[in-house]
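Visitor: how would this look folded up:
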Amino acid sequence: MVLTTQKRSGAYYTPDPIAKALVSWAVVASADRMLDPSCGDGGFLALHRNSVGIEQDSKAAVSAMGRAPWASVYEGDFFAWAGETAERFECAAGNPPFIRYQTFKGTIRARALGLCRKLGAEFSGLTSSWAPFLVATASLLKPGGRMAFVVPAEIGHAPYASPLIEYLVANFAAVQVIAVRNKLFPGLSEDCWLLYAEGHGSRTDRIRFTALDSFDPMHAVRPLTAGEDVLVAEWRSIWGRRLRPFVLPPTIRSVYACAAAHPKSLRLGSAAQIGIGYVSGANDFFHLKPSVAEKLGIPAALLHPTVRNGRALPPAQLTKSTLEKWHAADEPFMLLRLPKAPLGDLPTKVRSYLDSHAGLEARKAYKCRARDPWFSVPDVFQPDYFMSYMSGVKANLVRNSGGAACTNSVHGVRVKDASAMKRVVKHWASDFVALSREIEGHPLGGGMLKLEPREATQILVPADELVPEFKANAMTEAVKTMQRWRHYV
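Guide: From the prediction side, this is the model:
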């Protein structure tokens, strides 16, 4: 299967040793009927002779039939089958397709979310496919049933994963998430963890969390025998429905939780509004080099300096001299900022640029087609600070003393409370706030840390009286631990 097809279908087949370990967890007796809701080429089915698989891809279904001829393999949409079948199973195991919400759409998506809604799991519009797969699979288990699956590491931090975990703890006697730092699929940027649940038909008030540097299928511990219990109430309240902080030592989590509860600590969202910058729709057309703007005769009043990406940000402050350096280097940092006005009201040379070949191509872009007039870029503002959207070692907070705007590759920070913002700036370079950025943000492929606006608002600044109590070495090591888990080198 070529890579583009894999990305579209979410089909990355599980190495046999990992599949064998998961099947050994799920199956406790030879008579157990096992379900694989997305069986691919039959890797899981081949490990248990009393199994049923569903597979939407016809070629993969044929492969599964050949690899596990004793299994019942149904070709088609799992959610349609799950909504109609009367079959029930002692156990389930597999690797559900990881299709992001942009591709997981149409009839299948509507059917999947509708079925989950009937089962009591309400997923958001940003849900990827694997989470509804697991809810629908769980609903087909007999009382006491078990399930063991490969899952994306997003189960530890993605908001859309929380309805899945809520469903699991409400429908199983025990739920375990096994976090694995080293990649289970070395060829993928996506990190994968493991999920085990047993005792279908009961409920639990805790989640067993196990953090492993690597998973050795040949010596895998039995599920539920290792790890620590996370109270569901604590997962909801203190950690914002995230399991990722539990890769940290308990002592560090305790320090962080105490700081979060302190009345004099604050979140960045109480000091400032955080939002992404503007979307031009055609960056190369709307961002001009000074030399090009001069050659075209674009009036200076219609050009605005802008930060196009986080790499362009200086360490602490963007000043007029920063803009002068960009100008001298002839960087394409000048935004063509046109008003919402009739085309005829614009200067002749601007109209000529809009009607050039580049302009005719730019107006075909989706964002340009969707706005009126197409040439007026909306939501341009001058923030008080810029903040990195994605970063490696750390996210920068940069004062905007040069009056620049920013694209959606950078966060714009607008101060609400000057006194509170002063404290944010004071502590921004500290290990505690660096740790908070790691906890409240989330990993992205390639070792990057991503901070969505809602995550950035949760960055924690401790009460000043707590700072002397922090052990510097422990905080530094905690930051490194979080960076190791997102594979930052």
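Visitor: what kind of secondary structure is residue 98 in?
Guide: coil (DSSP: H, G, I helix; E, B strand; the rest coil).
Visitor: who's in contact with the lengthiest strand in the chain?
Guide: Criterion DSSP state E: the longest strand present in the chain is strand 141-152. Strand 141-152 is contacted from outside by 14, 18, 22-23, 25-26, 28, 88-96, 98, 128, 130, 134, 137-138, 158, 177, 184, 190-201, 223, using CB atoms under 8 Å, 6 or more residues apart in numbering. All C-beta spots, glycine's among them, are computed from the backbone N, C-alpha and C.
Visitor: What subset of those is buried?
Guide: 14, 18, 22-23, 25-26, 89-96, 98, 128, 130, 134, 137-138, 158, 177, 184, 191-200, 223 (16 or more other CB atoms under 10 Å).
Visitor: Please tell me the pLDDT value assigned to the residue of the chain positioned farthest from its centre.
Guide: Computed with CA atoms, centre = their mean, the maximum C-alpha offset from the centroid of the chain is found at residue 348, amounting to 45.7 Å. Residue 348 is assigned 97 on the pLDDT scale.
Visitor: where does it fall, phi/psi-wise?
Guide: phi -60, psi -40 (degrees, to the nearest 10).
Visitor: what do you get for residue 251?
Guide: phi -60, psi -40.
Visitor: now it: how far from residue 186?
Guide: Taking CB to CB, to the nearest Å as the measure, residue 251 falls 32 Å from residue 186.
Visitor: higher neighbour count, the two?
Guide: Between residue 251 and residue 186, residue 251 has the larger neighbour count (other CB atoms under 10 Å), namely 11 against 7.
Visitor: Find the residue closest to that one in space, skipping its chain neighbours.
Guide: Leaving aside its chain neighbours, residue 251 sits nearest to residue 474 (7.2 Å; criterion: CB to CB, 6 or more residues apart in numbering).
Visitor: My understanding was that that neighbour contacts residue 252; is that so?
Guide: Yes - with contact defined as CB atoms under 8 Å, residue 474 counts as touching residue 252 (6.5 Å).
Visitor: Can you give me the neighbour number for residue 225?
Guide: So residue 225, with other CB under 10 Å, has 9 neighbours.
Visitor: Wait, a helix at it?
Guide: No - according to three-state DSSP, residue 225 belongs to no helix; its state is coil.
Visitor: Show me the shaky parts of this protein.
Guide: By pLDDT under 70, the weakly predicted segments of the chain are 1-12, 99-105, 221.
Visitor: In it, which residue is most central in space?
Guide: Computing the C-alpha centroid of the chain and ranking residues by CA atoms, centre = their mean puts residue 158 first, at 5.5 Å.
Visitor: Need the phi and psi values for that one.
Guide: Torsion angles at residue 158 (phi, psi; degrees, to the nearest 10) stand at phi -70, psi 130.
Visitor: mind listing what it touches?
Guide: Residue 158 neighbours (CB under 8 Å, 6+ apart): 128, 152, 442.
Visitor: cool, residue 159 as well?
Guide: So residue 159 contacts 124, 126, 241 (CB under 8 Å, 6+ apart).
Visitor: so can I have TSV of those showing neighbour count and distance to residue 300?
Guide: Below are these laid out as TSV (neighbours: other CB atoms under 10 Å; distance: CB to CB, whole Å):
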residue	neighbour count	distance to residue 300
124	12	45
126	11	41
241	16	49
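Visitor: so, if you compare the residues you listed, which one comes nearest to residue 59?
Guide: residue 126 (30.1 Å; CB to CB).
Visitor: Please report how far the closest one lies from residue 93.
Guide: Distance check for residue 126 against residue 93: by CB to CB, it reads 27 Å.
Visitor: Count the residues that sit near residue 431.
Guide: Residue 431, neighbours per other CB under 10 Å, totals 19.
Visitor: residues of the longest strand of the chain that come out buried?
Guide: 141, 145, 146, 147, 148, 149, 150, 151, 152.
Visitor: Check stretch 209-218 too.
Guide: For stretch 209-218, by 16+ other CB under 10 Å, it's 209, 210, 211, 212, 215.
Visitor: Can you verify the residue nearest to residue 251 is assigned to a strand?
Guide: No - per three-state DSSP, residue 474 lies outside any strand segment and is helix.
Visitor: start the count at 362, not 1, going forward
Guide: I'll keep to 362 as the first residue from here, and by that count the last item is residue 835.
Visitor: and it, how many neighbours does it have?
Guide: 14.
Visitor: what does residue 650 give?
Guide: Residue 650 has 16 nearby residues by other CB under 10 Å.
Visitor: if I read this right, it contacts residue 692, doesn't it?
Guide: Yes - between residue 650 and residue 692 there is a contact under CB under 8 Å: 6.8 Å.
Visitor: who touches the residue nearest to residue 809 when sequence neighbours are not counted in this structure?
Guide: Excluding the flanking residues, the one nearest residue 809 by CB to CB, 6+ apart is residue 751, at 4.9 Å. Applying CB under 8 Å, 6+ apart to residue 751 gives the contacts 671, 805, 809, 810, 811, 812.
Visitor: if you set the cut-off to 10 Å instead, what comes out?
Guide: Neighbouring residues of residue 751 by CB atoms under 10 Å, 6 or more residues apart in numbering: 670, 671, 770, 771, 802, 805, 807, 809, 810, 811, 812.
Visitor: want to throw those residues into CSV with neighbour count?
Guide: Below are the contacts of residue 751 laid out as CSV (neighbours: other CB atoms under 10 Å):
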residue, neighbour count
670, 15
671, 20
770, 18
771, 27
802, 24
805, 13
807, 11
809, 18
810, 24
811, 16
812, 24
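Visitor: Specify which member of the residues you listed is nearest to residue 593.
Guide: Sorting the contacts of residue 751 by how near they are to residue 593, with CB to CB, puts residue 802 at the top with 23.1 Å.
Visitor: is it true that the closest one touches residue 814?
Guide: No - counting by CB atoms under 10 Å, residue 814 is not a contact partner of residue 802; they are 11.2 Å apart.
Visitor: related to what we said a few turns ago, how far away is the residue nearest to the centre of the chain from residue 816?
Guide: 11 Å.
Visitor: Now do the shared contacts for these two.
Guide: With CB under 10 Å, 6+ apart as the test, residue 519 and residue 816 both reach residue 803.
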